[in-house]
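Student: Show me how the following folds:
(one chain, ligands or ions: 1)
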Amino acid sequence: MPNKKTKNWDIQKSEDLYLINSWGSPYFSISESGEVVVSLEKSEEHPVTKGVSLMTIAKGLKERGFDLPALLRFEDLLESRIRLLNETFLKAMEKVDYKGTYRGVFPIKVNQQHQVIEDISEFGKKYHHGFEAGSKAELIIAMTYVSSSESLVICNGYKDSEFIDLALLSRSIGINTVLVIEMPQELDVIIERSKALGISPVLGLRVRLSAKAGGHWNSSGGDNSMFGLNSDEIMKVVDKLKGENMLDTLQLLHYHLGSQIPNIRDIRSGVIEASRYYCELKKEGANMLFLDIGGGLAVDYDGTHTNYGSSCNYGLNEYCADVVEGIMEVCDRAEIEHPTIISESGRATVSYYSVLLFNILDVERFNTKSDNDMLGDTTNEILENLFYTKNNLTTKNIQESFNDALYYRDTLKFVFNHGEITLREKALGERLFWSIMHKIEEFCEELEYVPDEIADFSANISDIYYGNFSVFQSLPDIWAIDQLFPVMPIHRLDEKPDRKGIIADMTCDCDGRINRFIGLEDVKNALELHQLRDNEEYVIGVFLVGAYQETLGDLHNLMGDTNVVSVKLTANGEYYLTKEVEGDTVADILEVVEYNTKSMVERMRKKAEEAVGSGTITAKQRKSFLELYQIGLRGYTYYENN
Ligand SMILES: Cc1ncc(COP(=O)(O)O)c(C=O)c1O
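Tutor: The predicted structure is shown next:
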């Protein structure tokens, strides 16, 4: 095989460029041969682990008949995250002689897919990892998949009497279900239903803390947050329970400041305030046992380890230590026994688990060079000026040439609109303009200081790489909330990526694109990418997409679910597929939007027969046409390479 390595480039440069060691360690790295590999976390059992190339997996999928785009789920990474979360909390407790324990619950809303829940149930069993449910449907999942009688099922969200009955009845079959009161009115229904069913509940209260967290989801916290009870409402609940002789059923205090909390100081403030409520409830006579700190444990999506919204200025060790020590300090001061700490960490549990892979279908080069363009017979002054600017550009007159080029381009537009130049002349002018900009960009690499205006312009000069995927289906948070995910090519990383591009999806919607990328100093408007090669697939990976993306996705342009495969890794660099879910076919998606595909085929048959009748097509052509129509219905909703 020819050596395609580029001079002055090596994999370390790619590591630095895409920051893979910052957001991906210990799971994702770049191999000597320039491919992204996924590895098992090193452990006593596997002190040395060999990674598996994602490109090898992508090729293996193709051989098995699965096209890209595909979502890869790495079971081992999920197992590793559940183990780390539980063991880091337990270690932090051991270190300071904390007397309580830790029970994690996975918030089902973060990824409700059956395989994910099954995996969490299996891997979480030995840690008694439970589930958090925010609706009846999620409660039904939680009851069915909770794997240990010591695991908890925490019921948040607004509850009608059917929800409450289900939760109460689940207790009678040995499931450790806790009903968290989110609204004062819920209590009356709970009391009434528990009396009617003769089942004593275990109750929690969601408190509305004054503490507020930074980040995108901060409206979940603070005095004006939409959720939870304030002090006055809490006291009313306590008094009501006292009056009913049921205060012993109140055992849990819960709060949730928001998801992806970037700053550890906000985590600490929340813990301290909630611990004070906990102690006061205990003093009021409630049988307090659990302090549930909600979600919020952030993922360092951009690898910068800062308090920027897509990062966090703490790691898991610091998070667990601060939570444990904060609760312990407040409880010790009040001489209250240490509670069992519950966290509802969703994002931090499942983000690493999934990687979206898609192939690039085509590229639109933004700046076509026009080295060979001559003026020919043209006598247009603007074109002559552009030509002159291009030929006389040096590092010394860069700013002046930049200003001139912009001015001539605007004038060119004006004269074209007034019918003074032809379309052919306009096209030549645009080529000359982009040639100047291209040269300016090259010269900028030699400059120590690049004027801001030029730097901004050049950041926006990018190719468009058309990817075989839908942002709306697979990465909805990019569209909805400008979420940043690590995005990078998964191969050719020993070659210099000498183009810059944004990535457009297949929906042809101007929002269907990725044009913000992680960067060391700032968010980048374009990603460094390689030029496509003939007859060779170029594959991009979007990482850390296991949380929130799958169910929030929609069917924009009727692009359906992608193929999904669960991959099991071995320590010596092999892999095998454990579960496979074929992506939606066109017929699947049409049925979701209530078409009856059988009657659609019927309609098409009639139309084709009419065409035969009127002599537009032959009977044989009718046959091939209808076959193609039916193949289309059975096909993948994405671009198929066959
Ligand atoms: C009540 C509750 N708990 C837990 C979570 C999960 O949060 P995270 O994914 O940040 O861990 C959420 C999500 O916002 C939530 O609303």
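
Student: Buried residues in stretch 177-195, which are they?
Tutor: For stretch 177-195, a neighbour-count test (16 or more other CB atoms under 10 Å) marks 177-182, 186-187, 190-191, 193-194 as buried. C-betas here are computed from N, CA, C, even on glycine.

Student: List just the nearest of the residues you listed to Y145.
Tutor: T177 (13.2 Å; CB to CB).

Student: in the protein, what residue is nearest the ligand?
Tutor: Closest contact between the chain and the ligand, by CB to the nearest ligand atom, is at G295 (2.0 Å).

Student: Please report the number of neighbouring residues for that residue.
Tutor: Neighbourhood size, G295 [other CB atoms under 10 Å]: 27.

Student: That one should be in a helix, yeah?
Tutor: No. Per DSSP: H, G, I helix; E, B strand; the rest coil, G295 lies outside any helix segment and is coil.

Student: doesn't G346 make contact with it?
Tutor: Yes. Assessed by CB atoms under 8 Å, G295 is found in contact with G346 at 5.3 Å.

Student: Mutual contacts of the two, please.
Tutor: 107, 110, 259 (CB atoms under 8 Å, 6 or more residues apart in numbering).

Student: Quick check: pLDDT value at the first one.
Tutor: Okay, so that is P107. Confidence at P107, expressed as pLDDT, is 98.

Student: Make 188 the first number, not 1, from now on.
Tutor: All set: I'll call the first residue 188, so the last point we hit is now P294.

Student: Just list the residues touching it, thanks.
Tutor: 318-319, 321, 482, 531, 533.

Student: Please name the bridge partners of it.
Tutor: When assigned by DSSP bridges, P294 has beta-bridge partners E319.

Student: How about the residues of the stretch 338-487 of the chain by the ligand?
Tutor: By CB under 6 Å from any ligand atom, the part of the stretch 338-487 of the chain that sits against the ligand consists of 343, 443, 446-447, 481-484.

Student: Does E796 belong to a helix, a strand or coil?
Tutor: Strictly by three-state DSSP, E796 counts as helix.

Student: rewinding a little: among the residues of the stretch 338-487 of the chain next to the ligand, which two are most distant?
Tutor: Within these, N343 and Q447 form the most distant pair, 18.0 Å apart (CB to CB).

Student: residues from the stretch 188-337 of the chain in reach of the ligand?
Tutor: When proximity is defined as CB under 6 Å from any ligand atom, the stretch 188-337 of the chain approaches the ligand at 294, 297, 319.

Student: and if we set it to 8 Å?
Tutor: 294, 296-297, 319, 321 (CB under 8 Å from any ligand atom).

Student: And these, which is closest to G221?
Tutor: Here the nearest of these to G221, counting by CB to CB, is V297; it sits at 33.4 Å.

Student: mind listing the helices for the stretch 488-637 of the chain?
Tutor: For the stretch 488-637 of the chain, the helices defined by DSSP state H, counting those that start in this stretch occupy 503-520, 534-537, 568-578, 585-604, 610-631.

Student: quick check: angle from the fourth one to helix 568-578?
Tutor: Which is helix 585-604. 150 degrees (axes from the mean of the first three to the mean of the last three CA atoms, to 10 degrees).

Student: for helix 585-604, packing partners?
Tutor: With contacts taken as 3 or more CB pairs under 8 Å, 6 or more residues apart in numbering; DSSP states H and E, helix 585-604 sits against helix 568-578, helix 610-631, helix 639-646.
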